[in-house]
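>>> return a 3D structure for these sequence lines:
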Amino acid sequence: QQIYVDPSRRDLFLELMESTDTLTEFESQIRRKDGSIIWISENVRAVRTLQGKTLYFEGTVEDVTKRRTAEEALRVSEERFALAANGMNGGLWDWDLRTGKVYYSPRWKELTGEPQCIGDSPEEWWVRLFPRDRELVDRELQACLQGRTDRFEVEFRLRQADGNFHWMQASGMAQGHDPDKPPVRIAGSMVDISARKQAEDQLHQGALYDTLTTLPNRALFVDRLRRSLRRRGNRLVAVLFLDLDRFKLVNESYDHSVGDEVLRQIASRLERNAGVRDTVARFSGDEFGILLEGITDVNDAIRTADQVRRSVEEPITVGERVHSFSASVGISFSKVGTESSEDLLRDAETAMYRAKSLGKAQHVLFDQAMHEYTLRRLQLENDLRLAIDRKEFRVYYQPIVSLSDQKLRGFEALVRWMHPERGLVPPTAFIPLAEETGLICEIGRWVLEDSCLQVSRWMELYPEATGGIHLSVNLSGRQFAQSDLVEQIQGAMRLGGFPASALKLEITESILMENADSAAGILAQIREMGIRLSIDDFGTGYSSLSYLHQFPAQTLKIDRSFVSKIEEETTQFAIVRAVVSLAHVMGMDVVAEGIETTSQLDVLGQLGCEYGQGYLFAKPLPAAEIEAMLARLEHEGAPSPDLGA
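Reported below is the predicted structural model:
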């Protein structure tokens, strides 16, 4: 039967039996007749002669295949566990609650930064915990041990050998022999999550803080304002909404890095002028907010507003350039029963825009009238957008006459809004809003196209009455900044075949000065097309007479504010005389606006002003009334001094 025994085990058996008379629990594999292999355990005694010669072996044999298979499976499992424990990123731990001993894997020890110092006590873990995390870890651990949760999972900070703390995440499960009794062990893993925590902190920073200035952003500001309103008690909470004046010019004139550095310096100044408990935030662009908590008096907020405005006005040096700014500040206060942080912030913003409209560089306190005005303004803006789609605008035409013979020499195209409910809305009620919202570009383009088409038709129907006349159309600052302005003008003239020589574009002095670098080039293109140019409201802008020669204009228009008292005040008379003289020296003609009396007409005529418009001749009229006037003049054969006003 030896042929069935594992040869290596047979040789070992014989070798051992030579040195002893008995073998206990000697195990080997044998092959059975059916070809299967099993493990057996033998208890053997050698029977020998007196001379020591082996006669035979006797003993017992037991099949131990099941036990050996289980032991092999356990060995493989332990090897696999050891390999996983050594190779995984996380460390393993196994706490025997009966003995109080903890097994820490080599990787677990490495995560502490001092693996050679780790024993087998729970204290090895506990003493390295960040003090404020100990209560959390203990609470979660006890919940698992007491059966309130199935798993133990918690994040905490663990001290390293160098004294720094790393973020860790530990998880595990409790085990016991009897479900009705406390567990006997709890085991799990621990991984270093410091990189993830850092990424989360960066995301949190980006979500709640401004990346440029590191100030809180709008979201965090509103959250702090909401909390402040809940706990304010009888004290006031104030919001300051601050916007830099003319900051846009910096970004348009220089590289954006200059504007960024300006904003960083402004942010630093605002923080220095705010209190320890106050919050300074950057909302967007050049808009900032300051939350004042626990103030006792309205004057506290006013004093802070004055301080921050003065700090903003101090010169700012970026590179070799020095920049100066001012700020418009809106202030709102909490009221009894007012808990909406968004409303309080909105009110401060409303007051800030009011400060802008009053001339900038000042602070304004919010009142309810401002809110009502804002609601009306929003409604007006909505109506204005609808008016474009519904074609509610009309072009009115005000005649321009020669002051020497009062004959018709042209028209100024003026837009009017025929509101379906309010009737005729005056330009002063909607033009500033259209400028601010940018809707003026679409409105201005339509006025240019419609008036060119209309006057072209009149030129065909009434050649005698319209001979030598020109059409004056205003260009807003928004329009002038459009890159396709020249193409728009060309397109408007093509619609009705309008002659370029009969078109005069009016641009205010302030628009020219704000765009001085690019204005000359654009105006030169327009002039090359044969279109005439007029500088409107001259003398009310920057008083920049030295720049006048840069712009190829043919006409200066004197604002009505100078004309209204020209026969009464020597100052007004002197200004108009200077403008007329300057225009003539530079080869320009002059148009006076707002002529209402014959005495004004006489004075302007004496000063050599060539043209004028005003209620003395005719108010702005709809196209139908202008056409009736032209038909009458055509019938008479020549433009008449009597325009039918």
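>>> excluding its backbone neighbours, what's nearest the residue nearest to the spatial centre of the chain?
When Cα atoms, centre = their mean is applied to the chain, the residue found nearest the centroid is S284 (5.5 Å). Leaving aside its sequence neighbours, S284 sits nearest to R218 (Cβ to Cβ, 6 or more residues apart in numbering; 7.2 Å). Where C-beta positions appear, they are placed from N, C-alpha and C, glycine not excepted.
>>> just to be sure, E124 is in a helix?
Yes - read with DSSP: H, G, I helix; E, B strand; the rest coil, E124 is one of the residues of a helix.
>>> per-residue pLDDT, it?
According to the per-residue confidence, E124 scores 89 in pLDDT.
>>> against T350, how distant is the residue nearest to the centre of the chain?
17 Å (Cβ to Cβ, to the nearest Å).
>>> just L16 next, same as before
102 Å.
>>> these two: which has the busier surroundings?
Set L16 next to T350 and count neighbours by other Cβ atoms under 10 Å: T350 wins out with 21 against 14.
>>> count the neighbours of the residue nearest to S284 for me.
Neighbour tally, R218, other Cβ under 10 Å: 16.
>>> ok, it touching G285?
No - at 11.5 Å, R218 and G285 do not qualify as touching, with contact defined as Cβ atoms under 8 Å.
>>> start to end distance for stretch 39-57?
Length of stretch 39-57, first residue to last, Cα to Cα, to the nearest Å: 19 Å.
>>> let's have the chain start at 30 instead
With the count now opening at 30, the last piece we talked about shows up as stretch 68-86.
>>> mind listing residues that contact that stretch?
Stretch 68-86 is contacted by residues 42, 46, 49-59, 87-94, 96-98 when judged by Cβ atoms under 8 Å, 6 or more residues apart in numbering.
>>> can you tell me which of the residues you listed are buried?
Neighbour counting with 16 or more other Cβ atoms under 10 Å marks F42, M46, L52, F55, S57, I59, V93, R97 as buried within the contacts of stretch 68-86.
>>> give me the local confidence score for the first one.
The predicted local distance difference test score for F42 is 78.
>>> now the third one
Predicted confidence (pLDDT) at L52: the value is 76.
>>> ok, and the closest non-adjacent residue to it?
Using Cβ to Cβ, 6+ apart, the closest residue to L52 is V73 (4.5 Å).
>>> then the fourth one?
Nearest-residue entry for F55: E71, 4.9 Å, with adjacent residues in sequence omitted and distances by Cβ to Cβ, 6+ apart.
>>> for the helix or strand containing M46, packing partners?
Assigned by DSSP states H and E, M46 belongs to helix 36-48. Under the contact definition 3 or more Cβ pairs under 8 Å, 6 or more residues apart in numbering; DSSP states H and E, helix 36-48 sits against strand 51-60, strand 66-77.
>>> for that helix, buried residues please.
By 16+ other Cβ under 10 Å, the buried positions in helix 36-48 come out as F42, M46.
>>> so which residues make contact with it?
Contacts for helix 36-48 (Cβ under 8 Å, 6+ apart): Q31, V34, L52, F55, E56, S57, Q58, V73, A75, T83, F86.
>>> only alpha carbons, please: show that helix as PDB.
Written as PDB, here are the backbone C-alpha positions of helix 36-48 (Å, rounded to 0.1, in the frame of the first residue of the first chain):
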ATOM      1  CA  PRO A  36       6.400   9.800  -1.500                       C
ATOM      2  CA  SER A  37       7.800  12.800   0.400                       C
ATOM      3  CA  ARG A  38       5.800  12.000   3.400                       C
ATOM      4  CA  ARG A  39       6.700   8.200   3.200                       C
ATOM      5  CA  ASP A  40      10.400   9.000   3.200                       C
ATOM      6  CA  LEU A  41      10.000  11.300   6.200                       C
ATOM      7  CA  PHE A  42       7.900   8.600   8.000                       C
ATOM      8  CA  LEU A  43      10.700   6.000   7.600                       C
ATOM      9  CA  GLU A  44      13.400   8.500   8.600                       C
ATOM     10  CA  LEU A  45      11.500   9.300  11.800                       C
ATOM     11  CA  MET A  46      10.800   5.800  12.700                       C
ATOM     12  CA  GLU A  47      14.500   4.900  12.700                       C
ATOM     13  CA  SER A  48      15.000   7.300  15.600                       C
END
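>>> now the angle from that helix to strand 51-60?
160 degrees (axes from the mean of the first three to the mean of the last three Cα atoms, to 10 degrees).
>>> tell me the SS of E625?
coil.
>>> thinking again about what came up before, number of nearby residues for the residue nearest to L52?
Neighbours of V73 (other Cβ under 10 Å): 19.
>>> same question, L562
Neighbourhood size, L562 [other Cβ under 10 Å]: 21.
>>> for the one 5 residues further on, same thing?
Other residues within reach of F567 by the criterion other Cβ under 10 Å amount to 25.
>>> list the contacts of it.
The contact partners of F567, taken as Cβ under 8 Å, 6+ apart, are E538, L585, K586, I587, D588, V608.
>>> so what touches stretch 594-614?
Contacts for stretch 594-614 (Cβ under 8 Å, 6+ apart): 567-568, 574, 577, 584-585, 587, 591-593, 618-619, 621, 626, 628-629, 631-633, 636-638.
>>> list the ones among those residues that fall in strands.
If you go by DSSP state E, the contacts of stretch 594-614 have F567, T584, L585, I587, D618, V619, A621 in strands.
>>> how about stretch 494-505: buried residues?
Applying 16+ other Cβ under 10 Å to stretch 494-505 flags A494, T495, I498, H499, L500, S501, V502, N503, L504, S505 as buried.
>>> let me fix that: stretch 300-318
Within stretch 300-318, judged by 16+ other Cβ under 10 Å, the buried ones are N302, A303, D307, T308, V309, A310, R311, F312, D315, E316, F317, G318.
>>> average model confidence for that stretch?
Per-residue scores along stretch 300-318 average to 91.
>>> dump that stretch to PDB, restricted to CA.
Provided in PDB are the C-alpha atoms of stretch 300-318 (Å, rounded to 0.1, in the frame of the first residue of the first chain):
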ATOM      1  CA  GLU A 300     -11.600  96.500   5.800                       C
ATOM      2  CA  ARG A 301      -9.400  98.900   7.700                       C
ATOM      3  CA  ASN A 302     -12.300 101.300   8.100                       C
ATOM      4  CA  ALA A 303     -14.800  98.700   9.300                       C
ATOM      5  CA  GLY A 304     -15.200  97.500  12.800                       C
ATOM      6  CA  VAL A 305     -14.100  94.100  14.200                       C
ATOM      7  CA  ARG A 306     -17.700  92.800  14.100                       C
ATOM      8  CA  ASP A 307     -18.500  94.200  10.700                       C
ATOM      9  CA  THR A 308     -18.500  92.300   7.400                       C
ATOM     10  CA  VAL A 309     -17.000  93.800   4.300                       C
ATOM     11  CA  ALA A 310     -17.900  91.900   1.100                       C
ATOM     12  CA  ARG A 311     -17.300  92.300  -2.600                       C
ATOM     13  CA  PHE A 312     -20.500  91.700  -4.600                       C
ATOM     14  CA  SER A 313     -19.300  92.000  -8.200                       C
ATOM     15  CA  GLY A 314     -17.300  94.300 -10.300                       C
ATOM     16  CA  ASP A 315     -16.700  97.500  -8.300                       C
ATOM     17  CA  GLU A 316     -19.600  96.900  -5.900                       C
ATOM     18  CA  PHE A 317     -19.000  96.300  -2.200                       C
ATOM     19  CA  GLY A 318     -21.100  95.900   0.800                       C
END
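>>> lovely, talk soon.
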